[in-house]
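Asker: Provided below for reference: sequence and predicted model.
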Amino acid sequence: MKKTILAALLATTIFACKNTSTINTDEAGKVITTYLKGNPEYKTTKFDFGELKFNSEKEYAELENYRQLADEGYITLTLLSSKKKFLSKDSSYVYSAKLTQKASEFVLKQDANQATVKAVTYELTDEKPVDFSKVNDATAKVTVSLKKTNTPFAPFQRKPEENSEFLTKTYRLKYDKEEGWKVRK
């Protein structure tokens, strides 16, 4: 009798001291949302500015992208010189392009004549996580769908046309006794 009471008491103590961490789909979604606010997902591209020359038809299409940015207030575009070639469709234009303060939210790194800018940002969709699996008591895997949002600098990507309007990404969650569930990098 004493042995069974002692065994029951010992088992209760062991299971009571065990830290059980539970998580469900809603909690996982909140953890991912909090993580994405501090560490947003995005795709970058290089953006040239300063003195720019446009000579050919292909470069005129790029000039239209610069004019669009100027119209929206992200850059200032000033014509420095233009030369009309005799009996030719092509002319030569030299512009000065400068980034404005409005563009600063998209600029990640800036050099003398080139900047690394956000071309596409990815935001969490309103739907619940696509896939949720708890690996063990302290870790879980959550796969979410992120909606693609183009920035004004999207036309300057190498391949601006994409086949998908979303990105599927898997995050690993880890349970910390002090902080609770958080994304493991």
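Answerer: Ah, there it is.

Asker: what helix or strand is Leu36 located in?
Answerer: Secondary-structure assignment from DSSP states H and E places Leu36 in helix 25-38.

Asker: low pLDDT regions in the chain?
Answerer: Counting by pLDDT under 70, the chain contains low-confidence ranges at 1-20, 85-90, 127-130, 160-161, 163.

Asker: if you set the cut-off to 80 instead, what comes out?
Answerer: Using pLDDT under 80 as the threshold, the predicted model of the chain has low-confidence ranges 1-22, 24-26, 57, 84-91, 126-132, 134-135, 159-164, 185.

Asker: what helices or strands is the helix holding Leu36 leaning on?
Answerer: For helix 25-38, the helices and strands in contact under the criterion 3 or more C-beta pairs under 8 Å, 6 or more residues apart in numbering; DSSP states H and E are strand 114-124, strand 139-150, strand 166-176, strand 180-184. Any C-beta I mention is one placed from the backbone N, CA and C, and that applies to glycine too.

Asker: now do it: everything it contacts.
Answerer: Taking C-beta atoms under 8 Å, 6 or more residues apart in numbering as the criterion, the residues outside helix 25-38 that touch it are 23, 123-124, 128-129, 132, 140, 142, 144, 171, 173, 181-183.

Asker: what pairs with the helix or strand just after it, parallel or antiparallel?
Answerer: Remark: after helix 25-38, the chain's next helix or strand is strand 41-48, criterion DSSP H and E. Paired strands of strand 41-48, with direction, are strand 114-124 (antiparallel) (DSSP bridges).

Asker: I'd like the next helix or strand past the strand it pairs with.
Answerer: Towards the C-terminus, the helix or strand next in line after strand 114-124, according to DSSP H and E, is strand 131-134.

Asker: can you list the buried residues in that next one?
Answerer: Phe132, Lys134 (16 or more other C-beta atoms under 10 Å).

Asker: make residue 1 into 107 and carry on from there
Answerer: Sure, I'll start numbering at 107, so the last one becomes strand 237-240.

Asker: now do it: distance to the chain's middle.
Answerer: The gap between the average C-alpha position of strand 237-240 and the chain average comes to 23 Å, counting by C-alpha atoms, centre = their mean, to the nearest Å.

Asker: same question, stretch 237-248
Answerer: On the basis of C-alpha atoms, centre = their mean, stretch 237-248 sits 23 Å off its chain's mean C-alpha point.

Asker: which residues are contacting that stretch?
Answerer: In this structure, residues lying in contact with stretch 237-248 by C-beta under 8 Å, 6+ apart are 125-127, 129-131, 134-135, 137-138, 235, 249, 276-281, 287, 290.
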